[in-house]
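*Asks:* Quick one, fold the following:
(chains A and B)
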Amino acid sequence: MNELLKRGLILGAIGFAVGTLICLFIVLLGGLFEDAGIGFIVYYFISGGMLGAICNGTSAIYGIEKWSILRVTITHFVISLAAFYTFAFSIGWLIFGDLMFWIVTAMFVAAYFMIWLIQYLIYKGEVKRMNSELKELKKIEDEEKTEK
Amino acid sequence: MKGNIEIKTETDPSLTAPQVIIRTNGDTGLAERIARAVSECMNDDTTLVAYNNSTAVVLDKHQIFRVFTENRKLIIATDTDRYDSKLTLKEMDEVLDETEFVRISRFEIVNIKKISAFDMSMSGTIRVIFENGTESWVARRYVRSIREVLSKKLEGVTKHE
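*Replies:* This next block holds a predicted model:
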């Protein structure tokens, strides 16, 4: 099986488990569903699990070597946000256009911007150091050639 | 019926290095073995056998810029030419000097001495630029190992001084 797909499925399974557990935690803390039917409760947990599966599973795309940091981050952002909106609207976590919707959207954008920025700065620093070492090596080699 | 191998020696003062031409009736297996034997004669681990249009060539490893996979073939690129290799990228990794050659992605190994600079675009793509102006891209997961090789090489050179 394709390595990327395999990794995605494993991450997705972990994400499903974590998503379901988070939902359970929220239910236990908030005392939700006192009046809800069993169908809704099951749907709630499955939604949380699916959201975790999609967000975590698609993070496997960070392993695509040829994609730039920006491309990977935007792709994961779009998929995660779309998945979140789908489940959030269907369960009633969010109402389109109200204040919470905009706050959550802004948080998503801010979080992914930070993900891109941190990675960009880390690798920018690495490239700078590599160039510095390369320059030093070439300087020493040139000096050795001159001496000979 | 198998014939004997005929060996002829000619002197040409215009040559700067020995030139070996292997002529066969198409038996590339034999040609390859002879090319390897010639390579082994140099006995200093600085050469390897490559192919240019099915012609076996003994290449000086120091002339190699990059080795990469393309259309399921392994290509060895020097400054101006490209050659095929019968090895896999993993086998080539073992043949090349680990202090001079470094893996930059799943598909490519490059000669550190032929690198002019590294560059990173705003989108986060890391490129390696070679002395002859050609470029390739670096996988982020290999950045650390590239740095380790460069650091070790620099350490080795400065200690030697």
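*Asks:* going forward, measure contacts between C-alpha atoms and count neighbours the same way
*Replies:* Will do.
*Asks:* can you pull the contacts of residue B:123?
*Replies:* A:68-71 (CA atoms under 8 Å, 6 or more residues apart in numbering or on different chains).
*Asks:* and the gap between it and residue B:35?
*Replies:* Taking CA to CA, to the nearest Å as the measure, residue B:123 falls 46 Å from residue B:35.
*Asks:* Tell me if residue A:101 really is in a helix.
*Replies:* Yes - the assignment for residue A:101 is a helix, going by DSSP: H, G, I helix; E, B strand; the rest coil.
*Asks:* Pull out the buried residues from stretch B:110-123.
*Replies:* B:110-120 (16 or more other CA atoms under 10 Å in any protein chain shown).
*Asks:* Switch those over to TSV; also include distance to residue B:81 and pLDDT.
*Replies:* Formatted as TSV, the buried residues of stretch B:110-123 follow (distance: CA to CA, whole Å; pLDDT from 0 to 100):
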residue	distance to residue B:81	pLDDT
B:110	15	96
B:111	15	95
B:112	18	93
B:113	17	92
B:114	15	94
B:115	17	95
B:116	19	94
B:117	21	95
B:118	23	96
B:119	25	95
B:120	27	94
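*Asks:* Backbone torsions only: list them for the closest residue to residue B:49 other than its chain neighbours.
*Replies:* Spatial nearest neighbour of residue B:49, chain neighbours left out: residue B:58 (4.7 Å); criterion: CA to CA, 6 or more residues apart in numbering or on different chains. Main-chain dihedrals, residue B:58, degrees, to the nearest 10: phi -100, psi 120.
*Asks:* Residue B:58: neighbour count?
*Replies:* Look at residue B:58: counted by other CA atoms under 10 Å in any protein chain shown, it has 17 neighbours.
*Asks:* hmm, back to that, please report which of the contacts of residue B:123 has the highest neighbour count.
*Replies:* Ranked by neighbour count (other CA under 10 Å), those have residue A:69 at the top, with 25 neighbours.
*Asks:* Quick check: phi and psi at the nearest residue to it once chain neighbours are set aside.
*Replies:* The shortest distance from residue A:69 to any residue other than its chain neighbours is 4.9 Å, reached at residue B:124 (CA to CA, 6+ apart). Residue B:124 adopts backbone torsions of phi 100, psi 20, taken as degrees, to the nearest 10.
*Asks:* pLDDT score assigned to residue B:124?
*Replies:* Listed pLDDT for residue B:124 reads 90.
*Asks:* about what we covered before: my guess is the residue nearest to residue B:49 contacts residue B:47, does it?
*Replies:* Yes - Residue B:58 lies in contact with residue B:47 (CA atoms under 8 Å); the separation is 6.3 Å.
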